[in-house]
Every structure is written in structure tokens, then in C-alpha cells.
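>>> need coordinates for the below:
(2 chains)
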Amino acid sequence: MTTTLAPATPPDAGAPPTRYRHIQQGLRERLAPYAYIAPFFVLFFIFGLFPLLFTFYVALFEWNPIGEHRYIGLTNFTELFQDPRFWGALRNTFSIWLLSTVPQLLLALGVAHLLNQVRLRAATFFRMAVLVPYVTSVAATTIVFAQLFDRDYGMLNWFLELLGFAHIDFTASVWGSHLMIATMVAWRWTGYNTLLYLASLQAVPRELYEAAAVDGAGSWQQFRHVSLPALRPIIVFTVVTSTIGGLQIFTEPLLVNPVGGLTCGAARQCQTLTLFLYEQGFGRFHFGYGAAIGVTLFALVVIIALINYLLITRIRWERP
Amino acid sequence: MSAPPRKARRPAHSRVSPAVYLTLGGMAFLSLFPLYWMFVVSTTDSATATSLPPRIVPGGNFLHLAGLVFEIVPFVQALVNSIAVSTAIGVGQALLCALAGFAFAKLHFRGRNVLFLIVVLTMTVPAQLSVIPQYLIMSRLNWVDTLQAVIVPGLLSAFGIFWMRQHIASVIDDELMHAARVDGASTWQIFWRIAFPLVRPAAFVLGLFGFVTAWNDFLWPFIVLKSPERYTVQIAIKALQNSRDIDLGLAMAGSFLATLPLLVLFVFVGRRLVQGIMEGAFKG
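Numbering: from 1, shown residues only, chains lettered A, B, ... in the order given. Presented below is the predicted three-dimensional model:
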């Protein structure tokens, strides 16, 4: 940087910018990176981090949104852990998660394996077709499947009747409602997971399959010994994302049973943790109790993240 | 549609067996049938919607039901709201994430690595669990029952920054940056004239996923949007479901109308969405 003094005489035409402008420009250039990332951090602070910390705070209060806030320590938590509704919601959440995730990922594995054939025709069509459910909203999905599973006029019960079985009242029973919601979740996400697996499979060199074939490995053995090891990291990834997604299931149990209200039926047979949080927070305005449910959900997410971390470090994560 | 995306390197000694096509056809059928059936029910009157065996051919009642949908909830307004919210989120995410991704990929500044680590860490925490304080913040800001209450938090996308950073890092090398600086370009000019045009396809895919996710979002809009004129289409469907004694097909017609714009979009950009997921694991 030149150290010219401010000239007393008018500067020549085409003189370099004054020192002041240099500094201003230099400062602007130096601050530019921070300005570019600032929107994220400002938004994250206001709508992400602060609410998260505030959840811990609200959970220590009896907090009425229009009334008063009374500090009650850990009472919300001791009550929550003695609340059968909480344990019911926890059971429902995990049961629905298990019923949706396991078949979904197995199916996705199989379909990805089929889609990975080099000489497959209409591959783009099949890839797009399996992704259509992903762009369908959860609300629309729920309404269609609720109709398909309907006790009196549902297509599924019509099939059961044709096969000589009695109609099943899916919404009324624990397993029926869980199965129904799990089907909706699986329907929306199978194609998405299929494409993730397919992407990983395509990274496997063809020669490995050819070598296996030369060694006499059949289709199943090729899948078992060539595809599966390559897929391991992405399988861990999909298990983790679908677990965290499973903890957030809300719209399906809310809409699946229009007369069930915020409890997904009189016996709370399919109320998930997030729906329980909503019921307590926004249905009954027990913000403190709802926040305590939120903290518990956070603890579950942390536990899952830790398990994830352990799994990753054990299998040596190698994502392209 | 018939061109396979991979070049076939081997002669046809291993033909794909018909069983594979049958299985994949079955998958495609299972994926598409519920949507087709949603359309069928929204074209029939109540009597046929409850008939057994279920009918599988569309009827002629669609306009009647669609009319009812528009009558019972302000559905035109809901469509306008959904388009506004989703577009703002899609475009906003694409621009903000490109900008931040550019800074993390190509600019040198103090704390860069730590800040980027924070961005990555924020990806794992779902927003749902802190909806109660989020609602308290919105009411403090006087934003409850406004569209910006949905749009502004929706602009946050840690994954988007991660994705744009990778693309920008792979497309722009340091020599290009240096040459531009020697020519006197400012950081902003380098971003806007050089970097962004080069990664526009990636930013477009990011924006698409932002759009689709925002269009389908339910919980948060359901909490903050109170009056029917503010509803997005998803919340309008919920309102229609409450009036289901009027007509069984009504919620279905609403669902179909709410899904149709995305299906049309999918016809044009579905291929890019498929590619996007295969490259980057977008979450919904």
C-alpha cells in the first residue's frame, strides 16, 4: 500500500485511489467471507440454536403461553417418566419406525440391485417411477392410504374379503394402525433409498462382478459378496436418517384417523412422540410439559448420533 | 426414455431376464397406483367411492368435487401461498447456500474450518423438537399467521451449504480465482460473474429440493398459520378432511389438486431430482 499524504494540490487525472478508499476496500474484501456466511449463522442462531437451548429452559417451568410461568425444576421430567401416555407414544414411535424401516430398506436393496443391471431397458423410467412417492406430500399420502385401508370400503379389506377373511379395522387396533402408518412411510421413502443404494452400487467396478461370475458366483452370491460390502456405509447412513425421521413422524398419525383427534384414537394406539408433543404444547397449552418431551426427543437424537459415530468409526466410513 | 444412462460395455451375453422387468414393473405399479387411485376417487361421487368392488376407472364428477374444494376452503389462495412460500424458499436456499458454499470453498478467513464444522454438525438436529420456543419467538416477532414465519426459517439449509461448497470447490480452481483478482475483480464479482454461473445447475437442483420439501411441509405451517387465507395447500387438505361428511371424495380431490402441481413439475425435472439424490442424498 502506498503511503501518499493527502495532496494539498488537486491530484492528477488518473491518480491511484486515495488511501482512505484503499482501506475501505481492503476492509470490505476482508469482511466479505463473513458477510457471505452470516445469513446462515444469523438464521441458525435465531431459529435453530436459541430455540433448542430455550427448550431446555421452558421444560423447567409450568408455562402457560397466555398465563404465568412458574419454575418447577425437574417436575415435568419426573411426571413425564411416570406418564403412561409417554411410554405409549415411545412404544408407538419405535414400533412404527421398525415396521417401516426394515421392510423399506430391504426392498430398496433388492430393487437397487435389479436397477443396477447394465443392459436394463427403460432404466430412467423405473428410476423416476420409484421416486414419484417422494414428491407426494405426507398429507396426501396419508389420506389416500387411509382410504385404501378403510374398514368398510377400503381396497385392502375388499381383497381380504375375496380371499375369505374378515374385514380388519386397521385404525382401531394397535398393530393395524402401526402397520398402516408404516406402509405410508415405507411407500414414500423406498424409492429414495433405492436411488441412494443404486448410486453406491454403480461405484462398484463391473470387473468385480465379472470376476465373481467367472468364479461361478450366482446372482445371490454376487449380491452377498460384492454388492453388500460396498453398500455398508450408505446402509448405515439410511438407517440413521430414517431413525431420525422416524422420531419425527407426525402428519400420518394426525391425519390417518380424522375422528381420532390429536391422540390418533381413543386408546392413543398410534400417537407418536412428536404428536404427543404437539398435543401437550398446542392442544392443551402445556408448553413446559411439551418442551420436556422435546428435550427427551433431543436426548434420543443424541444417542442415535453416538451409535452412528461408533458404527462409522468401526467400519471406516468411505463416502465418495 | 429408453436410452440407458450407462454405456453398455459388454455384448448381449447377459440379457436381463423378464422376471426382473416384472418385479420392477410391480414396483413402478405400487409407486404410481395410489396416486392414480387418488385421482379416480376424486372423479366419482360419494356412492361409487364407497362401492365394492372398488371402481378403477375415472368417473365424470371431478369438476363438481373440485368446485366444492374451492368453495369450502380458499383453495386458490392456498395454492398461491404454497407457490409463494416454496418459490421463496427454493430460490433463497439456492442463493444463500451458493454464497456461503463459495466462502467456505474458496475464501480464506479466520475460523473457517471451525465454522464449517458447526454447519455440518447442525445437520443432525431436527427442528421439530424445539417447535414450542420457535412458536414463542414467532409470537414475539409478531409473525404468527404470516407467510414469512414459514419462509424465513425455511431458508436454513446446512446440507445445502455442504452441497454447494463441494460443487464450487470442484469447479473453480485457485488459478481462476487468482487471475480474476489480478484483473481487479472484487470478491463479490468473482462470486456473481464467475462462480455462480458455473454451479448454476447444482444450485438449481438444490432449489428444486427446497421447493418440493417446502411444498410438502406440514407440521410447522400447521402450527404458525392460523387463518384460512394463510393456509398452504397441505393445511387446506387437513381442513377439507374435517368436512368429510359432506363428501368422501372431497379430501381426495383436495389431495389430488395439491399434488398435481408437483406431478407436473416432476415430469419436467424428475430426471434432475433422480440425479440429485444419486449424487448427494438430499433429505426431505
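
>>> quick one: B:Arg181 and B:Thr187, what's the gap?
9 Å (C-beta to C-beta, to the nearest Å). From N, CA and C alone the C-beta is placed, and that goes for glycine too.

>>> make that B:Phe116, sorry
With distances taken as C-beta to C-beta, B:Phe116 is found 18 Å from B:Thr187.

>>> B:Ile277 too?
B:Ile277 is 32 Å from B:Thr187, by C-beta to C-beta.

>>> which elements pack onto the host helix or strand of A:Val302?
Using DSSP states H and E, A:Val302 maps to helix A:287-315. Packing partners of helix A:287-315 (3 or more C-beta pairs under 8 Å, 6 or more residues apart in numbering or on different chains; DSSP states H and E): helix A:50-58, strand A:61-63, helix A:75-81, helix A:228-247, helix A:273-278, helix B:131-140.

>>> which residues make contact with the first one from outside it?
Contacts made with helix A:50-58 from outside it, assessed by C-beta atoms under 8 Å, 6 or more residues apart in numbering or on different chains, are listed as A:287-288, A:291, A:294-295, A:298, B:125, B:127, B:129-130, B:132-134, B:136-137.

>>> what comes up buried for that helix?
A:Pro51, A:Leu52, A:Phe54, A:Thr55, A:Val58 (16 or more other C-beta atoms under 10 Å in any protein chain shown).

>>> in the stretch 1-150 of chain B, which spans are helices?
Per DSSP state H, counting those that start in this stretch, the stretch 1-150 of chain B carries helices over the ranges B:18-41, B:46-49, B:62-72, B:75-106, B:112-121, B:131-140, B:148-154.

>>> per-residue confidence averaged over the second one?
Yep, that's helix B:46-49 we're talking about. Helix B:46-49 comes out with an average pLDDT of 62.

>>> next, the contact list for A:Ile37, please.
B:Leu99, B:Ala100, B:Ala103, B:Phe104, B:Leu115.

>>> which one of B:Arg181 and B:Thr187 is surrounded by more residues?
B:Thr187 (23 against 14; other C-beta atoms under 10 Å in any protein chain shown).

>>> out of everything not next to it in sequence, what's closest to the more buried one?
A:Ala32 (4.2 Å; C-beta to C-beta, 6 or more residues apart in numbering or on different chains).

>>> returning to that earlier point: save the contacts of A:Ile37 as TSV, and put in distance to A:Met128 and neighbour count too.
Putting these into TSV (distance: C-beta to C-beta, whole Å; neighbours: other C-beta atoms under 10 Å in any protein chain shown) gives the following:
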residue	distance to A:Met128	neighbour count
B:Leu99	31	24
B:Ala100	31	27
B:Ala103	35	27
B:Phe104	33	25
B:Leu115	38	18
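
>>> nearest to B:Pro34, of these?
Using C-beta to C-beta, B:Ala100 comes nearest to B:Pro34 of those, at 38.2 Å.

>>> tell me who's in contact with that closest one.
Taking C-beta under 8 Å, 6+ apart as the test, what B:Ala100 contacts is A:Tyr36, A:Ile37, A:Pro39, A:Phe40, B:Val119, B:Ile161, B:Met164, B:Arg165.

>>> point to the helix or strand of the chain where mean pLDDT is at its lowest.
I'll assume chain A. helix A:219-222 (a mean of 83; mean pLDDT, DSSP states H and E).

>>> nope, chain B please
helix B:46-49 (a mean of 62).

>>> burial measure for residue 240, as a count.
By default, I'm working from chain A. With other C-beta under 10 Å as criterion, A:Val240 counts 18.

>>> please refer instead to chain B.
Counted with other C-beta under 10 Å, B:Leu240 comes out at 25.

>>> quickly find the element holding it.
helix B:233-242.

>>> and after that helix, which helix or strand comes next?
Heading C-terminal from helix B:233-242 (DSSP H and E), you reach helix B:249-280.

>>> tell me if that next one is near chain A.
Yes - Helix B:249-280 comes into contact with chain A (C-beta under 8 Å from any C-beta of the partner chain), by way of B:251-252, B:255-256, B:258-259, B:262-263, B:265-266, B:270-271, B:273-274, B:277-279.

>>> list phi and psi for A:Asp150.
Phi and psi for A:Asp150, reported as degrees, to the nearest 10, are phi -60, psi 140.

>>> same check on A:Pro65?
According to degrees, to the nearest 10, A:Pro65 has phi -60, psi -30.

>>> how close does it sit to A:Phe50?
For A:Pro65 relative to A:Phe50 (C-beta to C-beta), the value is 18 Å.

>>> what do you get for B:Val119?
Counting by C-beta to C-beta, the gap from B:Val119 to A:Phe50 is 17 Å.

>>> and if you look at A:Val204?
45 Å.

>>> where's the closest residue to B:Ser139 other than its chain neighbours relative to A:Gly288, distance?
Nearest in space to B:Ser139, with sequence neighbours left out and distances taken as C-beta to C-beta, 6+ apart, is A:Pro65 at 7.9 Å. Distance, A:Pro65 to A:Gly288, using C-beta to C-beta: 10 Å.

>>> those two: which has the busier surroundings?
A:Gly288 (24 against 14).

>>> contacting residues for the more buried one?
So A:Gly288 contacts A:Val58, A:Ala59, A:Leu60, A:Phe61, A:Glu62, A:Trp63, A:His69, A:Ile72, A:Asn76 (C-beta under 8 Å, 6+ apart).

>>> the second one and A:Ala291 touch, don't they?
Looking back up the chat, that one is A:Ala59. Yes - when contacts are counted by C-beta atoms under 8 Å, A:Ala59 is listed as touching A:Ala291 (4.0 Å).

>>> find residues that contact each of those two.
A:Asn76.

>>> what about these two, which has more around it?
Comparing A:Ala59 with A:Ala291 by neighbour count (other C-beta under 10 Å), the higher total belongs to A:Ala291, at 30 against 25.

>>> can you give me the helices for the stretch 1-150 of chain A?
Under DSSP H, counting those that start in this stretch, the stretch 1-150 of chain A gives helices at A:19-44, A:50-58, A:75-81, A:84-115, A:123-135, A:138-148.

>>> just those helices: most buried one?
helix A:138-148 (a mean of 25; mean count of other C-beta atoms under 10 Å in any protein chain shown).

>>> please identify the helix or strand for A:Ala212.
Judged by DSSP H and E, A:Ala212 forms part of helix A:206-214.

>>> for that helix, packing partners?
Against helix A:206-214 (3+ C-beta pairs under 8 Å, 6+ apart) you get helix A:219-222.
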